[in-house]
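Colleague: Provided below for reference: sequence and predicted model.
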Amino acid sequence: MTAKRPRVADYPLAETQPSKVLGPNCRSLEELTLQGIMDGTITMEDLRITPSALEAQADIAEAAGRPNLAANFRRASELTRVPQEVIMATYERLRPGRASRKQELLEAARQLRETYDAHRIADFVEEAAEVYERRGLYKFRY
């Protein structure tokens, strides 16, 4: 993104600073054109959001007094490093009644933290594990 932290006035970044929002292949939003897609020079990888773009959105949310939204953007930033199949498996475990025991969620959190360096999202999953235990949301097996 940019070295200077974005401010509330910079929102939405796609409109106020499109040349500074860079994709995974260092293409700016201005470079993402329909013609580029049609001629194959723009790929799906060019369209993926980056950790720096999500962190910039978090900075704006924080500056606007929206700390919960900022935290969500920061967790999303970490998820860019996690393979889709791991995200979906974790999501499935987080659905109430899907995990049969607390250890399943704690193992998912450990994997996120140790394998993908996703500490914020791992903390979130661990918190969910505690809440699910208190509320009896684990699947009961005979």
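Modeller: Nice, I can see it.
Colleague: please enumerate the helices of the protein.
Modeller: Along the chain, the segments classed as helices by DSSP state H run 13-16, 34-38, 44-47, 51-63, 67-79, 84-94, 102-116, 119-135.
Colleague: among those, which is nearest Gly23?
Modeller: Gly23 lies closest to helix 44-47 among the helices of the chain, at 4.9 Å (Cβ to Cβ). The C-beta positions use only the backbone N, C-alpha and C, and glycine is treated the same way.
Colleague: still on that earlier bit, looking at the helices of the chain, which is closest to Pro24?
Modeller: Per Cβ to Cβ, nearest to Pro24 of these: helix 44-47, 5.5 Å.
Colleague: off-centre distance for that closest one?
Modeller: Its chain's C-alpha centre and that of helix 44-47 lie 16 Å apart, by Cα atoms, centre = their mean, to the nearest Å.
Colleague: and that helix, what's buried?
Modeller: Asp46 (16 or more other Cβ atoms under 10 Å).
Colleague: likewise stretch 91-100?
Modeller: Neighbour counts using 16+ other Cβ under 10 Å place Arg93, Leu94, Ala99 of stretch 91-100 among the buried residues.
Colleague: check contacts around the second one.
Modeller: Looking back up the chat, that one is Leu94. Leu105, Val125, Ala128 (Cβ atoms under 8 Å, 6 or more residues apart in numbering).
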